[in-house]
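[1] Sequence first, predicted coordinates after that:
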Amino acid sequence: MQTGLVVGDDEITGTLNYLSTGQLVTDWGAGYFMALKFSDFYPDATSCLVGMNPSQGSGLVDILPDPDKNGVFKVTDKDTQVFEFIITDGIDTITKTFDLSGLTLN
């Protein structure tokens with residue numbers, strides 16, 4: 001599905017391989033998918049929304065209630081989509097955007 005994926009300060013790079021079979025394809029259609037594992041949240045975080053912007057259907061989802069904190073995201077246009085991470089403690093909110101144009105689609 002992916003090789004050499006690196007999450008930097010402002011970008012995500014690596015290679016995404018085209019998937020044409022499997023459960024992800026059954027659910028979301030053939031294409032390129034990126035899997036990420038989230039950890040080390042702020043101790044007072046009440047919400048952590050993650051996802052592609054623009055999204056192709058699911059929008060941003062709250063990863064905090066997810067027991068394994070894993071996410072899989074469909075990349076439909078690496079040059080116009082960004083990956084967003086929005087975390088809040090109910091008072092302060094931090095938004096982080098990651099450029100995807102450095103991804104290689106194989």
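    Done, it's in.

[2] Now do the residue sitting furthest away from the middle of the chain, the pLDDT please.
    Residue farthest from the centre of the chain, counting by Cα atoms, centre = their mean, is Ile91 at 24.1 Å. Listed pLDDT for Ile91 reads 96.

[3] Please report the distance of it from Tyr42.
    12 Å (Cβ to Cβ, to the nearest Å). No exception for glycine: its C-beta is placed from N, CA and C like everyone else's.

[4] Isn't Cys48 up against Ile86?
    Yes. At 7.3 Å, Cys48 and Ile86 qualify as touching, with contact defined as Cβ atoms under 8 Å.

[5] Who has more neighbours out of these two?
    Cys48 (21 against 17; other Cβ atoms under 10 Å).

[6] before we move on, the earlier item: looking at this, the residue farthest from the centre of the chain is in a helix?
    No. Using DSSP: H, G, I helix; E, B strand; the rest coil, the secondary structure at Ile91 is coil, not a helix.

[7] Got phi/psi on it?
    Dihedral angles of Ile91 (phi, psi; degrees, to the nearest 10) stand at phi -120, psi -60.
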